[in-house]
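Undergrad: Would you be able to build a 3D model of this:
(4 chains, ligands or ions: 4)
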There are 4 protein chains.
Amino acid sequence: MPDIGIGLVGGGYMGKAHAVALSAVGAVFDTPLRPRLEVIAASSAESAERYRRAYGFARATGDWRDLVADPKVQAVVIASPQSTHRAIATAAFAAGKPVFCEKPLGASLDDAQAMVAAARASGLPNMIGFNYVRTPATQFVRRLLAEGTIGTPIWFRAEHTEDFLADPALPATWRTRGRANGCMGDLAPHPVNCLLALMGPVAELSARIETVHATRTGPDGPEPVTNDDQAQLMLRFASGVMGHLFVSRVATGRKMGYSYEIHGTKGAIRFDQEDQNAVHLYRAEGPEATRGFARILTGPAHPDYAAFCQGPGHGTGYQDQIIIEARDFLHAIHSGQTLWPSFADGLAVSQIIETAFAASETGRWHPVPQA
Amino acid sequence: MPDIGIGLVGGGYMGKAHAVALSAVGAVFDTPLRPRLEVIAASSAESAERYRRAYGFARATGDWRDLVADPKVQAVVIASPQSTHRAIATAAFAAGKPVFCEKPLGASLDDAQAMVAAARASGLPNMIGFNYVRTPATQFVRRLLAEGTIGTPIWFRAEHTEDFLADPALPATWRTRGRANGCMGDLAPHPVNCLLALMGPVAELSARIETVHATRTGPDGPEPVTNDDQAQLMLRFASGVMGHLFVSRVATGRKMGYSYEIHGTKGAIRFDQEDQNAVHLYRAEGPEATRGFARILTGPAHPDYAAFCQGPGHGTGYQDQIIIEARDFLHAIHSGQTLWPSFADGLAVSQIIETAFAASETGRWHPVPQA
Amino acid sequence: MPDIGIGLVGGGYMGKAHAVALSAVGAVFDTPLRPRLEVIAASSAESAERYRRAYGFARATGDWRDLVADPKVQAVVIASPQSTHRAIATAAFAAGKPVFCEKPLGASLDDAQAMVAAARASGLPNMIGFNYVRTPATQFVRRLLAEGTIGTPIWFRAEHTEDFLADPALPATWRTRGRANGCMGDLAPHPVNCLLALMGPVAELSARIETVHATRTGPDGPEPVTNDDQAQLMLRFASGVMGHLFVSRVATGRKMGYSYEIHGTKGAIRFDQEDQNAVHLYRAEGPEATRGFARILTGPAHPDYAAFCQGPGHGTGYQDQIIIEARDFLHAIHSGQTLWPSFADGLAVSQIIETAFAASETGRWHPVPQA
Amino acid sequence: MPDIGIGLVGGGYMGKAHAVALSAVGAVFDTPLRPRLEVIAASSAESAERYRRAYGFARATGDWRDLVADPKVQAVVIASPQSTHRAIATAAFAAGKPVFCEKPLGASLDDAQAMVAAARASGLPNMIGFNYVRTPATQFVRRLLAEGTIGTPIWFRAEHTEDFLADPALPATWRTRGRANGCMGDLAPHPVNCLLALMGPVAELSARIETVHATRTGPDGPEPVTNDDQAQLMLRFASGVMGHLFVSRVATGRKMGYSYEIHGTKGAIRFDQEDQNAVHLYRAEGPEATRGFARILTGPAHPDYAAFCQGPGHGTGYQDQIIIEARDFLHAIHSGQTLWPSFADGLAVSQIIETAFAASETGRWHPVPQA
Ligand SMILES: NC(=O)C1=CN([C@@H]2O[C@H](COP(=O)(O)OP(=O)(O)OC[C@H]3O[C@@H](n4cnc5c(N)ncnc54)[C@H](O)[C@@H]3O)[C@@H](O)[C@H]2O)C=CC1
Ligand SMILES: NC(=O)C1=CN([C@@H]2O[C@H](COP(=O)(O)OP(=O)(O)OC[C@H]3O[C@@H](n4cnc5c(N)ncnc54)[C@H](O)[C@@H]3O)[C@@H](O)[C@H]2O)C=CC1
Ligand SMILES: NC(=O)C1=CN([C@@H]2O[C@H](COP(=O)(O)OP(=O)(O)OC[C@H]3O[C@@H](n4cnc5c(N)ncnc54)[C@H](O)[C@@H]3O)[C@@H](O)[C@H]2O)C=CC1
Ligand SMILES: NC(=O)C1=CN([C@@H]2O[C@H](COP(=O)(O)OP(=O)(O)OC[C@H]3O[C@@H](n4cnc5c(N)ncnc54)[C@H](O)[C@@H]3O)[C@@H](O)[C@H]2O)C=CC1
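TA: Ligands and ions are numbered 1, 2, ... in the order given. You can find the predicted model right below:
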């Protein structure tokens, strides 16, 4: 099997996840290319070198430009902060290299638009890191919807709730500064991508975005929190279906509350990432007395599960989502064809987030600009 | 123990529930009065007589005026359709008799206001039938909130979802005609009462109310549905807390989806009426490694449970809620003091529902008039 | 509707439950007879009088013989300790009165045999208080089994676990003295009745019965516990199916852990009384990808639910089980025919418990004597 | 980081899992050695070559002796059928190479004893593949027990239930032939290892092992099933605690029912592998009204979780267990010290299984020989 040289920017939370995924993907899936870990870049030469040793890359650099320029790097994976996405991606496309970029697509709508433009101009494969729609469970839900198992959807509710800033006594950090690092900037892209994947485009929305704990203790005393803690959106999908989204980083008790429920004319679906190997399905079929939500455990009968384990109910985890992403990115590189979810999908997400900020200001329904 | 003569209007779904409750309440609780089933009224003399025999009343009538006028009837329980509430309650107060009225308080905001005025003018005890806040579980949640167990609330989400009209092929009936019988008119009063009980007054709201299945087959062919199937409200409580409510009668798979969750700075609560004997409580206390939502089964340690059973986890049911209501109504009659929830509480609910209809028209946030 | 005079022996935990049930049953169900609360007996005249006022009986007595002899008492309900069951039941039959007796059937196998003999000799209706098999959920499970929904059963597991004596620091009381008050004597009859109802007769068994906390503090210092805390039984049903039962009164965290699961060739069933309004059903039907345990909420489509509430998922509770029992006892009295579960069913339960004690001694499999 | 050449025998279900784990482990954990995939062996040269390409090994062979003899192979991982374990392990030890062997330790007690003897004689690191005790959840449970969080254990119940042979119409295969491939031979080792890990040695047991479907259709018509479908064991641990184990491959509806519950004097624990990222913990602490089983989601606060993801509740899966195993095997090789669970632990498991077969014959309690 031919291999391909990968450059990875960032070695933190997601940098590590991608390093592991690139190491494992070739053994898990029958990929057309086998990744070769060429260069890792980080914010300093020292940290890059530490990551290199930890993850097994050939070379390290404190300057991502070296990585992009390296002739042995044939594709770039960006897992550095949102503020860096645009410059790196643009440079990589300019150097003729396919790009995988972690969500969100840049730090602003402007970034996202520029990145889509650069990707289009290059004609190169591009992909964005919305990993949660990759679970066998959520892929299966997409299939259920496509097959009409629950009839016509009439209501959609999602949330993405975590509690990492729930304690008001937690200090101010970069997370409490700047719109891109707020709950809408950082968490919302995942469920917004999810709702687009499951329900199609959003036509209009009304929103309320708020900072619950307006002040936190910074290094020099009390400091204003300059981004949001939680937000809710009422949605109208282009299909006519009504929906709701709630996102929060102050949701005490919730660790990974990426969850959704869909009511249809013939059934309903419920899913919660805190139990990521199960889909709850209700079908309005058969005698009333035997109807109920079935807890379906994922297994080889569900998308992308069998590659991880032959036994049903044995379960996949967070890391496996990233491996599935890596598989698709390798297919995209090999075929030269961008695969879903692309930068354009990332832009669609950013449009909704931007619209929500505007709607929260006016207190009215706003149409969502379509790509 | 002194007894008291009760007149019951209506012998259907709720009429029966009240008849059973009045029969049992004296043995369950240590009530100051023991109910004597005097007169039952229904829409015809025949049905009233049938109910009389079934429930054990002394007399029956096809005209509620007879019941109100009957000297042996010392208090009136109204369990007939919303359109009849106002006339019956007003007459009962005029005759000097305390009134318990099923939710909602009349068929319109106008009815509700008139009924509160009549109650106030009479100075007589009055009560409204919001039974779901009576469960040991939800009473316990009120206590948890009052005691600050979850710190300061910052988010509240509730729903009341059922699926009795989920099938688009179901025919048009009185349920699909007239605002008072729609989802907002019929189901919403319960969760709106709940959110007021748990979180206090609502300052403003934005809403979307909709009819999903606009036409159903009536006796003479296709017929327009003239009330709503589902609705959502974004809420701002007077306390500053943000919230959301969703109500639906077309929520396939949901049978009694009266549920809520509350995030606080120190904990969180989740409850679902489909598992009415459990409260899920998370407390941000102790080592991170042992934190999780505890499923607490109701028992003698929770409000109003011990009267039903000495064993914890043995469970109460729907009928028991109505028995708790009857106990409080007997106390109110005996003391001459109106007890919560009163007609005024029913009016507060109607105000929110009226405001939601207006807000759904404008697409904007509307302030909620306070009583 | 004709009424019938009832005498109730005992006004404690179960005495109250029966008093409430007798008050409510006529309104809940379309019974052939309406109970009239004539006489209540307790261990003293004072307590009996207190119960009389609380539950609304006409007369009270400190001697159950008065009750049995009272000409207005036409049927007797026994809710006093197991040691009293035999004498009271025997006297009631001798006086020509049908008897409902709380579980277990007397304090020993000898009592149970004598009581069945007395019942048979009298030809009078008799019933035993196994209320948990009365829930709509467990009645529904019996129907599922009868209809073959899960194919041929191949494994049955049950438990009845509570934690009222889990704390080793709890003092010695009558509960920790005497075999009849131990876990096998007091708790086991319920699940043993359940397994007979669901799976038919037990052919043989092997058992281990043990006292976990052998000493507790009594009024005069440390005192030996003279009955068992927990026990397990391996079972072979007459049908050939293998099974297991575990009972415990020291099962920390379990409040009402009456639960069972049944594996069949075409499906499986799971039930837990701590969520008594749900049955979990798996059917090996349709595509593998959509199979899972369905959580079915009880509703009007399930046995004996509709009388309590017209709405599905609204739930019944502990007290409602006793009302269902009362309904059947009234039918038995009216028809003169003993209805399930009878004293003979109580004896079958006692046989299994007796056999388990013997098997626990020998460490071998013992055949169970059939009635 | 120094690397180490690995030879892997078997490329099927578990062979793949180990290949992936060996590829990923160096990036996931800070291992002292980085695995180099040298040689893969399978039952034929063709399949071995196919696996080589799929998993990225340097060389392939149809004869495991080549692999053992290969000088670049410094440690051996055995993932071939139980019948092959003994010969391969013995040869590898003789060649001076550490061995990781999949469960169970050979096809018989005799094999297991010989393998332990060979391992001991060699003085080389050895490990057995009991992966389920490796989850962050079950590791956490071990910690809870060690710290006395639930007080003194008094009851332990475990099961390992799957349904891959539940359908009686499934044909005879190698799985239905030979004791080592039956439910006790194939599935039981996992939960037996688990109960030893959680509760310590078993002193004595009583058992019932059975073949539910005695005949299945083979290639030449009906064929007897020569191994067991399900089994139950009553246990007495050396600590005095009583326990129970049930194993089944015909448990319709159960996909990965490796689950257990432990009652202690101060708390209780419940776990089910079908929800492998959660531990349910009850603590008899604080007011009765707030006690309940807490569903604790695994996260960085739990053993071996943080290496997979920084976010709590994001979840690990089946494959991650094998990566944890690989990490420990590398540590064992590097230090020259055998780490838990060793071949000796595998033998202890085999002793219990052997004893269960004997006890099932006699119907009595049998002491378990201790290593
Ligand atoms: N898909 C998902 O589930 C998640 C996605 N993310 C996304 O991943 C990206 C990275 O976030 P984390 O890994 O959490 O951050 P992190 O702080 O853990 O790691 C950031 C890494 O980027 C490197 N870096 C920073 N500036 C750089 C520069 N100018 N040049 C080269 N390297 C630089 C740092 O050295 C560090 O290795 C973000 O876009 C974030 O939104 C983060 C967490 C989860
Ligand atoms: N709290 C709760 O959980 C519930 C409350 N309700 C409320 O209870 C009330 C009654 O509803 P249901 O029992 O479901 O209705 P239903 O249709 O089952 O029964 C209505 C009863 O009212 C009687 N009735 C109708 N018109 C009358 C008249 N003019 N004079 C005297 N009697 C008359 C009928 O004969 C019938 O017995 C409504 O206000 C409804 O909103 C209904 C269901 C549940
Ligand atoms: N079906 C179920 O779920 C339950 C059944 N039971 C059974 O119910 C029976 C009563 O138990 P509890 O109500 O828990 O006991 P309890 O101690 O609460 O009440 C016992 C009652 O019997 C009366 N009594 C005692 N000796 C008497 C005598 N010689 N003559 C007349 N009255 C006498 C006492 O005054 C008291 O009112 C027992 O057989 C018990 O096994 C108890 C609890 C639950
Ligand atoms: N830890 C766990 O969760 C599991 C453990 N296992 C264990 O793993 C082992 C392998 O089982 P599976 O992977 O399910 O089997 P499998 O049938 O999927 O694969 C067996 C592999 O062994 C190879 N093989 C067979 N005979 C051989 C020989 N003489 N020389 C070299 N290679 C040979 C085959 O070519 C094949 O690649 C067994 O001991 C089994 O008990 C199996 C499944 C799960």
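
Undergrad: So is the host helix or strand of residue A:191 next to chain D?
TA: Here residue A:191, judged by DSSP states H and E, is contained in helix A:189-199. No - judged by CB under 8 Å from any CB of the partner chain, helix A:189-199 stays clear of chain D, getting no closer than 11.6 Å. For glycine as for every other residue, the C-beta is placed from the backbone atoms N, C-alpha and C.

Undergrad: Which neighbouring elements make contact with that helix?
TA: Packing partners of helix A:189-199 (3 or more CB pairs under 8 Å, 6 or more residues apart in numbering or on different chains; DSSP states H and E): helix A:136-146, strand A:153-161, strand A:242-248, strand A:257-264, helix A:343-362.

Undergrad: what's that helix in contact with?
TA: Contact with helix A:189-199 is made by A:103-104, A:130, A:132-133, A:138, A:141-142, A:145, A:153, A:156, A:158-160, A:202, A:235, A:237, A:239, A:241, A:243, A:245, A:247, A:258, A:260, A:262, A:341, A:345-346, A:348-350, A:352-353, as judged by CB atoms under 8 Å, 6 or more residues apart in numbering or on different chains.

Undergrad: For residue A:194, give its distance to residue A:134.
TA: 11 Å (CB to CB, to the nearest Å).

Undergrad: for residue A:293, same thing?
TA: 24 Å.

Undergrad: pLDDT of stretch A:7-17, averaged?
TA: Looking at stretch A:7-17 alone, the average pLDDT works out to 98.

Undergrad: send the alpha carbons of that stretch over as PDB?
TA: C-alpha atoms of stretch A:7-17 as PDB (Å, rounded to 0.1, in the frame of the first residue of the first chain):
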ATOM      1  CA  GLY A   7       2.200  17.100   8.700                       C
ATOM      2  CA  LEU A   8       0.300  17.800  11.900                       C
ATOM      3  CA  VAL A   9       0.000  21.200  13.400                       C
ATOM      4  CA  GLY A  10      -0.600  21.100  17.100                       C
ATOM      5  CA  GLY A  11       0.100  18.300  19.600                       C
ATOM      6  CA  GLY A  12      -2.400  19.200  22.400                       C
ATOM      7  CA  TYR A  13      -5.900  17.700  23.000                       C
ATOM      8  CA  MET A  14      -6.700  17.200  19.400                       C
ATOM      9  CA  GLY A  15      -3.200  17.000  18.100                       C
ATOM     10  CA  LYS A  16      -2.700  13.900  20.100                       C
ATOM     11  CA  ALA A  17      -6.000  12.400  19.000                       C
END
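
Undergrad: quick one, helices of chain A?
TA: A:13-28, A:45-55, A:64-69, A:82-94, A:109-122, A:136-146, A:183-186, A:189-199, A:318-335, A:343-362 (DSSP state H).

Undergrad: and the stretch 51-200 of chain A, which residues reach ligand 3?
TA: Proximity of the stretch 51-200 of chain A to ligand 3 (CB under 6 Å from any ligand atom) involves no residue at all.

Undergrad: show me what contacts residue A:184?
TA: A:209, A:227, A:228, A:231, A:247, A:353, A:356, A:357.

Undergrad: let's see 7 Å
TA: A:209, A:228, A:231, A:247, A:353, A:356, A:357 (CB atoms under 7 Å, 6 or more residues apart in numbering or on different chains).

Undergrad: do the same with residue A:137
TA: Counting by CB under 7 Å, 6+ apart, residue A:137 has contacts A:271, A:276, A:277, A:278, A:279, A:298.

Undergrad: please redo it, this time with the cut-off set to 6 Å
TA: Residues in contact with residue A:137 (CB atoms under 6 Å, 6 or more residues apart in numbering or on different chains) are A:276, A:279, A:298.

Undergrad: Quickly list what the second one is bridged to.
TA: Pointing back at residue A:279 there. residue A:296 (DSSP bridges).

Undergrad: Sounds good, over and out.
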